[in-house]
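[1] Return atomic coordinates for the entry below.
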Amino acid sequence: MTKRIIVLIREDLRIHDHPALYKASQEGSVIPLYILDEQTSQFPIGEAKKWWLHQNLSSFQASLHSVNGRLWLDKGKVEEVLPQWVSNTKAQAVYWNRVYDPDVYERDLSLARDLSLKGTEVQTFEGTLLLPPWKIKKEDDTPYKVYSAFYHSIKKEAIPKPVPSVKTMKVPDIGNGLSLKDLDLIPPTPWYTIMESIWDPGEEAAIKRFNTFLKKSIEDYSAGRDFPAEGHHSTLSPYLALGVISVRSLYHTLKEREDTIEVEPFIKQLIWRDFSYAVLLHFPQSSSKPLNEKFENFSWHHDEDHWERWIKGKTGYPIVDAGMRELWETGFMHNRVRMIVASFLTKHLLIPWQKGAKWFLDTLIDADLANNSMGWQWVAGSGLDSSPYFRIFNPTLQSEKFDREGSYIRMWIPELRSLPSKYIHKPSEAPTQVLDEAGIRMGESYPYPIVDHASARKRALERYNDIK
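    Below you'll find the model as predicted:
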């Protein structure tokens, strides 16, 4: 009798380097099963990522069909739905690639114990990271808290090669489950039309985007990645966030070319991702609580008007507003701009980083709990290996440095497009004649800055000194 194996699909919507799916396809008949569970984690899937998930589930279904497989769908609490599938399909085993959201990880441990006690074989695999997050530790078996030390340690390790693509699979004759439409991932109002024009879902699209990056941008990545209008960033994060492309495959492809092109700056970003997951696993409170305990007593400022202006891109600081509008329109934001807008929220407006982190999770198609938590704590100064609390970005200087001609600002703030480059970073300082010629009425067509940088910086430093 052929062994019947359920492969629980999560953030691994690909057929190349999918350890759980590959092993199951070698050992028996396979039931790839995706269960939409919006109840287990305290951070449910955001609206933008739901749209992206729908697109990539559809593409993954097609990939499985191309190797004689199929994808079954269901929804509900995994700990309730999965045992029902085991029973109904008479599956002897359940395989999955591990997920490191703390709530999901703890649930999976409990689920594995329960299934095993009932006689179901359970196997779990590393399909998300270069190495499992417990692999890289200090000599005293404690986790690293500083990225540079983590980086030097992981560089000494052999990163496993990707497993081959699934070429074919046997599937049992069982019921149909739900349709993709039944998951209700697509909102009734089509606010996602711009995202649809920018992002191509699926494994083939991800590989194509990576190959384009290798061919056109990676040599300029180190020097150019901080300039949002120049396009030297990879834009692979939405694909990594759903496991549409394998991080080990990226790593080894880059390593094969390190003698001819500079790949280490990008590899460092992949390792930073591993570090973020290691921090999340060892310090699960990092998604909602400051890792520097002094910040638990920080006096935040809750101003609803400032919050609304930040999320709508109407702060009066063009680089901040451009970033927030890019996010709203595309579900994405350039990484340098993410740091600028996060710094502005937490240090100029003194609004808690947790609130900004939650907004990012809801609006980014590359929403990733580990990277998101790490990034926000880094900017706020409350993390393990963070930017110093006294490092407060001047948004105007950041804008002048990384978007000198205002190309990125003009892309996302149409009302400023006619403004000369000399004033596009600080329109409130432009002479009346210049504003008139550009058709701008400050306070009407574009807002005055909602806070003064020097005053906001002084206020933030005073608050930080209170807890120092």
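
[2] can you pull out the strands in this structure?
    With DSSP state E as the criterion, the chain has strands at 4-9, 29-36, 72-75, 93-97, 121-125.

[3] I'd guessed Glu262 sits against Ala223; true?
    No: using Cβ atoms under 8 Å, Glu262 makes no contact with Ala223, being 9.6 Å away. From N, CA and C alone the C-beta is placed, and that goes for glycine too.

[4] Which one, of the strands of the chain, ends up nearest to Tyr423?
    strand 29-36 (48.8 Å; Cβ to Cβ).

[5] how many degrees apart are that closest one and strand 93-97 in direction?
    In terms of direction (axes from the mean of the first three to the mean of the last three Cα atoms, to 10 degrees), strand 29-36 departs from strand 93-97 by 60 degrees.

[6] what about strand 29-36, distance to the chain center?
    Counting by Cα atoms, centre = their mean, to the nearest Å, strand 29-36 is centred 24 Å from the centre of its parent chain.

[7] now stretch 97-111
    Its chain's average C-alpha position is 18 Å from that of stretch 97-111, according to Cα atoms, centre = their mean.

[8] For that stretch, buried residues please.
    97-105, 107-108, 111 (16 or more other Cβ atoms under 10 Å).

[9] now stretch 140-159
    Within stretch 140-159, the residues scored as buried using 16+ other Cβ under 10 Å are 143-145, 147, 150-151, 153-154, 159.

[10] what's the burial count for Ile186?
    Per other Cβ atoms under 10 Å, the neighbour tally for Ile186 reads 15.

[11] circling back: with Met411 as the reference, name the closest of the strands of the chain.
    Nearest of the strands of the chain (Cβ to Cβ): strand 29-36, 34.6 Å.

[12] For the closest one, which outside residues touch it?
    2-10, 21, 24, 57, 64, 69-76, 78, 81-82, 85, 89, 91, 169-172, 174, 177, 183, 185 (Cβ atoms under 8 Å, 6 or more residues apart in numbering).

[13] Please pick the buried ones from the residues you listed.
    Those of the contacts of strand 29-36 that meet the buried threshold are 4-10, 21, 24, 57, 64, 69, 71-75, 78, 81-82, 85, 89, 91, 169, 171, 177, 183, 185, by 16+ other Cβ under 10 Å.

[14] before we move on, the earlier item: of all the buried residues of stretch 140-159, which comes closest to Val320?
    Tyr147 (26.0 Å).

[15] what's the worst-scoring helix or strand of the chain on mean pLDDT packed up against?
    In the chain, no helix or strand scores lower on mean pLDDT, DSSP states H and E than helix 218-224, which sits at a mean of 90. Packing partners of helix 218-224 (3 or more Cβ pairs under 8 Å, 6 or more residues apart in numbering; DSSP states H and E): helix 264-282.

[16] average pLDDT across the helix it packs on?
    Averaging pLDDT along helix 264-282 gives 96.

[17] What backbone torsions are found at the residue lying closest to His334 once chain neighbours are set aside?
    Excluding the flanking residues, the one nearest His334 by Cβ to Cβ, 6 or more residues apart in numbering is Pro228, at 3.8 Å. For Pro228, the backbone dihedrals (degrees, to the nearest 10) come out as phi -60, psi -20.

[18] how many neighbours does Pro228 have?
    Around Pro228 there are 27 other residues, counting by other Cβ under 10 Å.

[19] Provide a list of residues in contact with it.
    Shown in contact with Pro228 (Cβ under 8 Å, 6+ apart): 323, 334, 336-337, 402-403, 408.

[20] Those residues: which two are farthest apart?
    Gly323 and Phe402 (11.1 Å).

[21] between the two, who's got more neighbours?
    Of the pair Gly323 and Phe402, Gly323 is the one with more neighbours under other Cβ under 10 Å, namely 27 against 18.

[22] Put the alpha carbons of stretch 403-415 into PDB.
    Extracted as PDB, the C-alpha positions of stretch 403-415 are listed here (Å, rounded to 0.1, in the frame of the first residue of the first chain):
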ATOM      1  CA  ASP A 403      16.900  61.600  -3.900                       C
ATOM      2  CA  ARG A 404      19.000  64.500  -4.900                       C
ATOM      3  CA  GLU A 405      17.000  65.600  -8.000                       C
ATOM      4  CA  GLY A 406      13.700  64.600  -6.400                       C
ATOM      5  CA  SER A 407      12.900  61.900  -8.900                       C
ATOM      6  CA  TYR A 408      11.400  59.600  -6.300                       C
ATOM      7  CA  ILE A 409       9.400  62.400  -4.700                       C
ATOM      8  CA  ARG A 410       8.000  63.400  -8.100                       C
ATOM      9  CA  MET A 411       7.000  59.800  -8.800                       C
ATOM     10  CA  TRP A 412       4.700  59.700  -5.800                       C
ATOM     11  CA  ILE A 413       3.700  63.300  -5.100                       C
ATOM     12  CA  PRO A 414       2.300  64.700  -8.300                       C
ATOM     13  CA  GLU A 415       1.500  68.100  -6.700                       C
END
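
[23] Thanks a lot, see you next time.
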